[in-house]
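Visitor: Fold the following for me, if possible:
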Amino acid sequence: MKYTKREAKEYSRAHMKGIWAAALTPFAADLSIDEAGFRGNLNHWINDLSIDGIFVCGKQGEFFSMSVAERKRTFEIAVDAIGGRAGTIMSCSDQNMDTVIELAKHAQAIGADYIVVHAPVLHFLKAQDDTLFGYYKTISEKVDIGIALWSHPDSGYLLSPELCARIAEIPNVVAIKYSVPREMYAKLTRLAGDKILVSTASEEEWFDNIVELNWQLYLCSSPPYMLQTKLDKRMREYTDLAMRGEVAKARTVRDSLNPVRQAIRRTRPPEKPQAHSKYWQELLGQAGGPVRKPLLQLTEAEKAATRAAFEACGLKTAARSSAA
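Guide: Residues are numbered from 1 along each chain as shown. Model (predicted):
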């Protein structure tokens, strides 16, 4: 641990900054973890794309199809491969509280920087605030590592800004991935922005949130390594410009990525986000591989449409640069 529980908020405010990407877990043809491919992706994201932090084993990473042992191993690979060159946040989300705590303790023991825990699915939807406060308080009492909340409609409800502000009083609760309408995360920023780093997964809202809400953290999804290449780091560029106050220049760069965003959005089947993202990674030269069941693979027709959109979207790649 690089900080004590009481220092978690201060430490995170000083170090949890910039662009954090949610890793997809690459699987080999036999559906085992592609450890070499994962290490290669991590090195590319940090060395070539200048990504500031990596979110490991979240929903993008198919944690729901992985054993506890596989999740622990993926944590270990990430910490070892990153080697302090970027931040690490390990998703310990699970419906079983004992599993959450087991994963949290493992993340802390191996030197991860933070953990993130999704709000659990509840089997009742009324008067649940005390239950949820107790849920995060119990986790916080078992570990010293900084905890990020995660609220998403997948839970069947959303944490209210008022509840998040209450949970933010817990000493080692440091951040939230708040996948909610903008008015909700803007309200939480006003209520408790001095106690918790607020972020959302939408890259298309990131620029506005830097400029209008003074956010310091993008936490996080796959765009940082899908919208960028070693030769074309426009997300990094507009982020740095916006944070320096060069808003007009940043907006121009941000808007120049619209053809790439549209290519991804237009070709992504609604029920196949991970499979589509992994195929896009492969087109970029990253390790992707198949998805595990119950997720669905792309069809050959879907791959062809994605490949055509990729070729036309305007991302600068080494292959295109050589051809030119």
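
Visitor: Tell me which helix or strand residue 55 sits in.
Guide: strand 53-56 (DSSP states H and E).

Visitor: then that strand to CSV, C-alphas only?
Guide: C-alpha atoms of strand 53-56 as CSV (Å, rounded to 0.1, in the frame of the first residue of the first chain):
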residue,chain,number,x,y,z
GLY,A,53,-4.6,3.9,-15.5
ILE,A,54,-6.1,0.5,-16.2
PHE,A,55,-9.4,-0.9,-14.9
VAL,A,56,-9.1,-4.7,-14.8
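
Visitor: Next, residue 94: secondary structure please.
Guide: The three-state label given to residue 94 by DSSP: H, G, I helix; E, B strand; the rest coil is coil.

Visitor: sorry, that was for residue 149
Guide: Quick answer, by three-state DSSP: residue 149 is strand.

Visitor: Let me see the contact set for it.
Guide: Contacts for residue 149 (C-beta atoms under 8 Å, 6 or more residues apart in numbering) come out as 116-117, 119, 136, 159, 164, 167, 173, 175-178, 196. Backbone N, C-alpha and C define where each C-beta goes, glycine included.

Visitor: 7 Å instead?
Guide: By C-beta atoms under 7 Å, 6 or more residues apart in numbering, the contact set of residue 149 is 117, 136, 159, 164, 167, 173, 176.

Visitor: hey, what's it bridged with?
Guide: residue 117, residue 176 (DSSP bridges).

Visitor: Neighbouring strands - and their directions - for the strand holding residue 55?
Guide: Sheet partners by DSSP bridges: for strand 53-56, these are strand 18-22 (parallel), strand 87-91 (parallel).

Visitor: Pull the distance from it to the chain's centre.
Guide: Strand 53-56 sits 6 Å away from the centroid of its parent chain (C-alpha atoms, centre = their mean, to the nearest Å).

Visitor: what's the next secondary structure element after that strand?
Guide: helix 68-82.

Visitor: Other residues contacting that next one?
Guide: 25, 33, 35, 38-39, 42-43, 46, 54, 56-57, 63, 88, 90, 99, 102-103, 106-107, 110-112.

Visitor: are any of those buried, and which?
Guide: With burial judged by 16 or more other C-beta atoms under 10 Å, the buried subset of the contacts of helix 68-82 is 25, 33, 35, 38-39, 42, 46, 54, 56-57, 63, 88, 90, 102-103, 106-107, 111-112.

Visitor: List the contacts of the residue nearest to residue 37 when sequence neighbours are not counted.
Guide: Of all residues not flanking residue 37 in the chain, residue 287 sits nearest, at 2.7 Å (C-beta to C-beta, 6 or more residues apart in numbering). Residue 287 sits next to 26, 34, 37, 38, 40, 41, 281 when contact means C-beta under 7 Å, 6+ apart.

Visitor: From residue 200, how far off is residue 158?
Guide: Taking C-beta to C-beta, to the nearest Å as the measure, residue 158 falls 12 Å from residue 200.

Visitor: could you say what helices and strands the host helix or strand of residue 12 packs with?
Guide: If you go by DSSP H and E, residue 12 is part of helix 8-15. Judged by 3 or more C-beta pairs under 7 Å, 6 or more residues apart in numbering; DSSP states H and E, the packing partners of helix 8-15 are strand 173-178.

Visitor: what sits up against the strand it packs on?
Guide: If you take C-beta under 7 Å, 6+ apart as the criterion, strand 173-178 is touched by 8-9, 12, 16, 114, 116, 136, 140, 146-151, 164, 167, 185, 188, 196-201, 217, 219-220.

Visitor: Report the angle between that strand and helix 8-15.
Guide: 60 degrees (axes from the mean of the first three to the mean of the last three C-alpha atoms, to 10 degrees).

Visitor: dump the residue contacts of the nearest residue to residue 271 once chain neighbours are set aside.
Guide: Setting aside the residues directly before and after it, residue 271 is nearest to residue 296 in space (C-beta to C-beta, 6+ apart), at 6.2 Å. By C-beta under 7 Å, 6+ apart, the contact list for residue 296 reads 271, 272, 275.

Visitor: and residue 296, helix, strand or coil?
Guide: From three-state DSSP, the assignment for residue 296 is coil.

Visitor: Name the residues that touch the strand holding residue 55?
Guide: With contact meaning C-beta under 7 Å, 6+ apart, strand 53-56 is reached by 20-23, 42, 45, 74-75, 78, 82, 86-91, 116, 219-220.

Visitor: what mean pLDDT would you report for that strand?
Guide: The pLDDT scores in strand 53-56 average 98.

Visitor: What is the neighbour count of the nearest residue to residue 87 once chain neighbours are set aside?
Guide: Among residues not flanking residue 87 along the chain, residue 53 sits closest, at 3.3 Å (C-beta to C-beta, 6+ apart). When neighbours are counted by other C-beta atoms under 10 Å, residue 53 registers 25.

Visitor: partner residues bridging residue 53?
Guide: residue 20, residue 87.

Visitor: ok, it to residue 262 distance?
Guide: For residue 53 relative to residue 262 (C-beta to C-beta), the value is 27 Å.

Visitor: Kindly report the same for residue 123.
Guide: 39 Å.
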